[in-house]
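In: Just the structure for this:
(one chain, ligands or ions: 1)
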Amino acid sequence: MATGYVFDEIFTRHDFPGHPESANRLAAIMDYLGKNGFLPRLTHIPSRPVTRLELMRCHHPRHIERVEEVSRNGGGMLDADTYTNSFSYEAAVRAAGGLVDLTTAVLDGRLDNGFALVRPPGHHATPIRAMGFCLFSTVAVAARAARFDYGLERVAIIDFDVHHGNGTQDVLIEDPSVLFVSSHEYPYYPGTGAADEIGEGKAKGATVNIPLPMGVSDEGLKRLYGELVFPILRRFQPELILISAGFDAHWDDPLANIGLSLSGYHWLCQSLIDLASELCQGKIVFTLEGGYNLDVLALGVGNVFRGLLGDPLAHDPFGPSPWREPDISALLARLKIIHNIT
Ligand SMILES: [Zn+2]
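Out: Numbering: from 1, shown residues only. Now for the predicted structure:
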C-alpha cells in the first residue's frame, strides 16, 4: 500500500495561546507518528497554496479577501471563536492546496490513499464567512477539484467530527454530485444539522444529517453507520470518498458529549476504508478537522494510518465510554424513512 500524508510547518504557525484549536494538536500527532515508526512508511506530499480559482469554487471573493487582509495585517478575530495571526492565511490556503494535491495523487494512482494533517480545520467555513476555528472549506475545495479537474461525477464526503459540518453543507447544498454525510451531537454548536436538512433543488437527498443525542457511543454509531450510511454510500456509488476526520466525538474530549471510544473510531474508519475498496478502488482521503484531547487525537490519527496501511491492530488505552448509551432506534427509523432506506 502507498499511503500519503500532507504536513507543513506553516500549519503549526497558525496558533493562539490558550485556544483549544492550537498548534499543539498537530505537534502531538507528528510526535506520535514519529515515535511509532509511521513516517518512513508514508509518502510525504508537500503543501502548496490553493489557487484563487480553486478557492472561488467554494467561497465568495470578498470572504477570501477579508481573511487574507486581516491575516496579512497581523491577524485578529474573525468571529468570537475564530482567530487569525499573520501566518493564518498562508496556512489555510496551503491546507486546502495540500489536500487537493493529496487527493489528485490518489486519483492519478500515484498513491492508494492518504491523510492530510492540516490546520486550520475547514468544515465550519461557509461560502461567505469564517467560523468555528475554520477559515476555508478545505474538504469541499478538494471535492470540487475532483469534480471539475478530474471529471468525477460522484464524490462522497463523510464528516464524523462531533460538530455539524455546516460550512461543507452550505457550499454543496445544491450540488447533486457530492453526497455529504455528517454525524454530530445535536443540538450543539453551530445549531444546524437537523435530520430534515437533506439538500436543496436537484440535490435533495444528497445531504444526510445524523443528529446524535448526547451520550451516543460505539453501539449507537455502529447501527447508524451500518444500517443507514453504508447502504446510502452503496446506493450512491462514489468514485472517491473524502473524510472530514474529527476526533472530538471521543468520550474524553473536553469540547463535546458523544461517547465514541478509540476502538469505535477504528471500527468506523476501517469500515470506510473497506467500503472504499468495495466501491471505488480504495480511493479514500482523510483530512483533519477537530479533536481536542491531544492523546486521543494522536492515537486516533495513528489508528487511521494503521487502517490505511493495512496494519491489523488498533490501540485504545482509554477504553470505552463510562456512560450508558441512549437508544437510537427511533432516530434510525426516522432517518431510514427520510432517506428511503428499507
Ligand atoms: Zn469539532
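In: Let me know the next secondary structure element after the helix or strand containing Tyr5.
Out: Using DSSP states H and E, Tyr5 maps to strand 3-6. Downstream of strand 3-6, the first helix or strand assigned by DSSP H and E is helix 10-13.
In: just checking, what packs against that following helix?
Out: helix 23-35, helix 88-108 (3 or more C-beta pairs under 8 Å, 6 or more residues apart in numbering; DSSP states H and E). For glycine as for every other residue, the C-beta is placed from the backbone atoms N, C-alpha and C.
In: circling back: direction included, what does the strand holding Tyr5 pair up with?
Out: strand 43-45 (parallel), strand 113-116 (parallel) (DSSP bridges).
In: So what touches that strand?
Out: In this structure, residues lying in contact with strand 3-6 by C-beta atoms under 8 Å, 6 or more residues apart in numbering are 41-47, 95, 98-99, 101-102, 105-106, 111-118, 305, 308-309.
In: go on, stretch 196-212?
Out: 164, 169, 172-176, 178-187, 193-195, 220-221, 224, 228-229, 232, 258, 328, 331, 335, 338-340.
In: on that earlier part again, might you calculate how far the strand holding Tyr5 sits from the centre of the chain?
Out: Chain-centre distance of strand 3-6: 15 Å, with C-alpha atoms, centre = their mean, to the nearest Å.
In: Pull that strand out as PDB, backbone CA atoms only.
Out: Written as PDB, here are the backbone C-alpha positions of strand 3-6 (Å, rounded to 0.1, in the frame of the first residue of the first chain):
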ATOM      1  CA  THR A   3      -0.200   5.900   1.700                       C
ATOM      2  CA  GLY A   4       0.400   9.600   1.600                       C
ATOM      3  CA  TYR A   5       0.300  12.500   4.100                       C
ATOM      4  CA  VAL A   6       0.400  16.200   4.000                       C
END
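In: Check the model's average confidence along it for me.
Out: Across strand 3-6, the average pLDDT comes to 98.
In: Those residues of the stretch 51-200 of the chain touching the ion, which are they?
Out: Contacts of the stretch 51-200 of the chain with the ion, taken as C-beta under 5 Å from the ion, map to 161, 163.
In: Can you show me the strands along the stretch 51-200 of the chain?
Out: 75-77, 83-85, 113-116, 155-159, 178-185 (DSSP state E, counting those that start in this stretch).
In: related to what we said a few turns ago, buried ones only from the contacts of stretch 196-212, please, as a PyMOL command.
Out: Applying 16 or more other C-beta atoms under 10 Å to the contacts of stretch 196-212, the buried members can be selected in PyMOL as follows:
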select buried, resi 164+169+172+173+175+178+179+180+181+182+183+184+185+186+193+195+220+221+224+228+229+232+258+328+331+335+339
